[in-house]
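[1] 3D model of this:
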Amino acid sequence: MSSVGTLWTTNVQTSGKRIKAAAALGGLTLGEPASYKHYEDNKKPEFLAKFASGKIPAFEGSDGFTLFEGMAIARYVCALAPNAGLLGNTPHEAAKVDQWISYLETEVLAVIRPITAMLNHYRPYHKPADQANRELLPRPLKVLNDHLATRTYLVGERITLADLTVGSVMVVAYENVIDKKTRDSYPHLFRLYETIREHPLLKEIWGPTEYIDAPKQYVPPAKPAKEEKPKAPKAEKAPKAAKKKEVEEEDEDDDAPPPEPKAKHPLDELPKSNFSLEDWKRAYSNKETRGADGALEWFYQNFDAEGFSVWRVDFKYPEELTLTFMSNNQIGGFFTATDRLEGARKYLFGSVGVLGEPNNSLISGVFILRGQDHKAVVDCAPDWESYDFKKLDYAGADKEFFEAALAWDLEIDGKKWQDGKNV
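    Residues are numbered from 1 along each chain as shown. So this is what the prediction gives:
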C-alpha cells in the first residue's frame, strides 16, 4: 500500500508512537523523512515553511496537506481509515472517545510530566510540587480503573484512539511513578495497557515498558569536577630594550577610550541585607514547607523586612483561562520573561499556582522581592501589567494566604490549588 504521508517524530516520542499505532490499526502506511535531526532540522526554513510551530510530531500528506500537534495528526490518520472505528462508530461513541482522551491528557499526563521533568533535571526540583502532583494521581487512576472493571475497552467493543492514548500516556507513569504495588491496585487499567502494548500489530511500535519496583525519587545532579588551572609559567626577565617597547605600547593603550562600565541595577544600590534569597530557595526546596524545622520556620527566623517585601500576585483576567495546564504554562512564561530580560531571578522568589478546574480557574500566589517596590523587579516582564500586586502583611493578617501559597494548598472561593511553579 502506498504511503498516506510522511511523519516527523523521534523514536522516543510517545505521541508519535500513538500516531503510528493508529495507522497500523487502520491498515495505513506512514513514510519517514529521508533524514531528520531534532533541534536542528526543525529549525530550518524549509521545515518551518511547512510547520510554523517548529514542533513534532509533524505530518505532510501525499496530497501536500500539512499538520502539526500530535492529537490533530492522530485524529486525521484515524479519519483516513473510517472502517477501523478508531474515532467511534456513532456520535455518542465519538464524544466518549474525545472525553477519555482529554481526561487522560489533562488528569494523568499533566500530573506526570512535571514530576518526570524534575526527576530528569529539566526543571528545578521542588519537593512540595513533586509530592502535590503524586497525590493528585490516585483519583484519575481510580476513575479509569472503575470504568474498565466491566469493559474491555474505554469505548465500545473495539480499540479506539482513547485506548491508544492509554498506551502513550500510561507508559510515562509506569516507568517513573507507578510501582508494582500501585499497578496491582488498578488491575483493570493495567490490563488494558498491556492489551494495547502487546497487540501484535503494535508491540514493535511501542517497544518494551521498563516497569519500576519503587517510584523514582529525585537525585541531585552530580557536581562537575573542578578543573585545575595550569600553573602559569614563570615570567622571564625581559631585556631592557624590550621593556621600553612594552611601556610604549602601554602608553598607546592609554589613549584608547576605556570600556563603558556596565550599568548597575537600582536594587544593587540598596543597603546590604543579611537575608539571602539563595539560602531561602535552598531551604524551601530541601525542607518540608510547614512544621518544625520547616521552610516557613526558617523564613520567619531569617527574613529581613526592611530589605525585602512580600507581595500577593493575581492574574487580572481569569475569564481568559481555559485548561489548567495551559494556565500553568502561562505562569512559566511570565517567570521566564522576568528572568530572561533583566536577570531578575536574583532579586525575587515566586510561588504562583493555578486554582480551580478547566474553564473555571484563576492564577494567584506570592512573590518575595528585593526592596519595597515590586515594579523595580517585575517590570522587565512584558506581561507584568496583566497581574495585580498587593503588599502582604505576611506575619499578620495575610499570614494564612502567604503560607498556603508556599505550601501549595491555597484555596480561594472554593477553588483549590491544582498546579504551580516557583522561580
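
[2] what about the helices in the stretch 51-200 of the chain?
    If DSSP state H, counting those that start in this stretch is used as the criterion, the helices of the stretch 51-200 of the chain fall at 70-79, 91-103, 110-119, 127-136, 138-148, 161-174, 180-185, 187-197.

[3] meant to ask about the stretch 301-423 of the chain, not that
    According to DSSP H, counting those that start in this stretch, the helices that the stretch 301-423 of the chain contains are 324-342, 375-378, 399-407.

[4] can you flag the weakest of those helices by average pLDDT?
    In terms of average pLDDT, helix 324-342 trails the rest of the helices of the stretch 301-423 of the chain, at a mean of 67.

[5] quick one: pLDDT of the closest residue in space to residue 113 that isn't next to it in sequence?
    Nearest non-adjacent residue to residue 113, counting by C-beta to C-beta, 6 or more residues apart in numbering: residue 172, 7.4 Å away. Glycine gets a C-beta too; all of them are placed from N, C-alpha and C. For residue 172, the pLDDT comes out at 94.

[6] burial of residue 94, as a residue count?
    Using other C-beta atoms under 10 Å, residue 94 has 16 neighbouring residues.

[7] my guess is it meets residue 88, correct?
    Yes - with contact defined as C-beta atoms under 8 Å, residue 94 reaches residue 88; the gap is 3.9 Å.

[8] does residue 119 touch residue 176 like I think?
    Yes - in terms of C-beta under 8 Å, residue 119 counts as a neighbour of residue 176; the distance is 6.4 Å.

[9] what's near enough to touch the closest residue to residue 47 other than its chain neighbours?
    With sequence-adjacent residues excluded and distances taken as C-beta to C-beta, 6+ apart, residue 47 is closest to residue 41, at 5.8 Å. Residues near residue 41 by C-beta atoms under 8 Å, 6 or more residues apart in numbering: 33, 35, 47.

[10] one more time with 10 Å
    By C-beta atoms under 10 Å, 6 or more residues apart in numbering, the contact list for residue 41 reads 8, 33, 35, 47, 54, 56.

[11] quick one: buried ones out of these?
    8, 47, 56 (16 or more other C-beta atoms under 10 Å).

[12] closest one to residue 361 out of those residues, please.
    Here the nearest of these to residue 361, counting by C-beta to C-beta, is residue 56; it sits at 29.2 Å.

[13] the nearest residue to that closest one once chain neighbours are set aside pairs with what?
    Of all residues not flanking residue 56 in the chain, residue 8 sits nearest, at 4.9 Å (C-beta to C-beta, 6+ apart). As for beta bridges, residue 8 partners with residue 58 under DSSP bridges.

[14] what about residue 8, distance to residue 378?
    From residue 8 over to residue 378 the distance is 38 Å, taken as C-beta to C-beta, to the nearest Å.

[15] okay, now the unreliable bits of this protein?
    Flagging of the chain using pLDDT under 70 yields the residue ranges 1, 223-265, 333-344, 380-383.

[16] give me that answer again for 80
    For the chain, the stretches with pLDDT under 80 are 1-2, 123-124, 221-269, 326, 328-330, 332-345, 379-384, 423.

[17] so which residue is dead centre in it?
    Nearest to the mean C-alpha position of the chain, by C-alpha atoms, centre = their mean, lies residue 114 at 5.3 Å.

[18] what sits against the residue nearest to residue 113?
    By C-beta under 10 Å, 6+ apart, the residues touching residue 172 are 14, 108, 109, 112, 113, 115, 116, 178.

[19] just to check, the first one is in contact with residue 74?
    No - in this structure, residue 14 sits apart from residue 74 without contact. The criterion is C-beta atoms under 10 Å, and the distance is 11.3 Å.

[20] common neighbours of those two, please.
    165, 168.

[21] more neighbours, those two?
    Using other C-beta under 10 Å, the more surrounded residue of residue 14 and residue 74 is residue 74, with 28 against 17.

[22] got the contact list for the residue lying closest to that one once chain neighbours are set aside?
    Counting by C-beta to C-beta, 6+ apart, residue 74 lies nearest to residue 19, which is 5.0 Å off, once chain neighbours are set aside. By C-beta under 10 Å, 6+ apart, the contact list for residue 19 reads 7, 9, 13, 30, 57, 59, 70-71, 73-78, 161, 164, 168, 205.

[23] which residues are common contacts for residue 94 and residue 88?
    155, 160, 161.

[24] tell me if I'm right that the last one and residue 73 touch.
    No - counting by C-beta under 10 Å, residue 161 does not reach residue 73; the two are 11.2 Å apart.

[25] need the residues touching each of the two.
    18, 19, 22.

[26] just the closest of those residues to residue 197, please.
    Once C-beta to C-beta is applied, the member of the shared contacts of residue 161 and residue 73 that ends up nearest residue 197 is residue 18, at 11.7 Å.

[27] the closest one and residue 196, how far apart?
    10 Å.

[28] okay, the two: which has more neighbours?
    Neighbour count, other C-beta under 10 Å: between residue 18 and residue 196, residue 18 has more, with 29 against 23.

[29] where's stretch 394-409 relative to the chain centroid, distance-wise?
    Relative to its parent chain, stretch 394-409 has a centroid offset of 25 Å by C-alpha atoms, centre = their mean, to the nearest Å.

[30] alpha carbons only: can I get that stretch in PDB?
    Extracted as PDB, the C-alpha positions of stretch 394-409 are listed here (Å, rounded to 0.1, in the frame of the first residue of the first chain):
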ATOM      1  CA  TYR A 394       2.900  38.100  55.800                       C
ATOM      2  CA  ALA A 395       3.200  37.700  59.500                       C
ATOM      3  CA  GLY A 396      -0.200  39.200  60.400                       C
ATOM      4  CA  ALA A 397      -3.500  39.500  58.600                       C
ATOM      5  CA  ASP A 398      -2.200  37.800  55.400                       C
ATOM      6  CA  LYS A 399      -0.200  35.000  57.100                       C
ATOM      7  CA  GLU A 400      -2.700  32.200  56.100                       C
ATOM      8  CA  PHE A 401      -2.600  33.200  52.500                       C
ATOM      9  CA  PHE A 402       1.200  33.600  52.400                       C
ATOM     10  CA  GLU A 403       1.800  30.200  54.000                       C
ATOM     11  CA  ALA A 404      -0.800  28.400  51.900                       C
ATOM     12  CA  ALA A 405       0.700  29.800  48.600                       C
ATOM     13  CA  LEU A 406       4.200  28.500  49.700                       C
ATOM     14  CA  ALA A 407       2.800  25.100  50.700                       C
ATOM     15  CA  TRP A 408       0.700  24.700  47.500                       C
ATOM     16  CA  ASP A 409      -2.500  24.200  49.400                       C
END
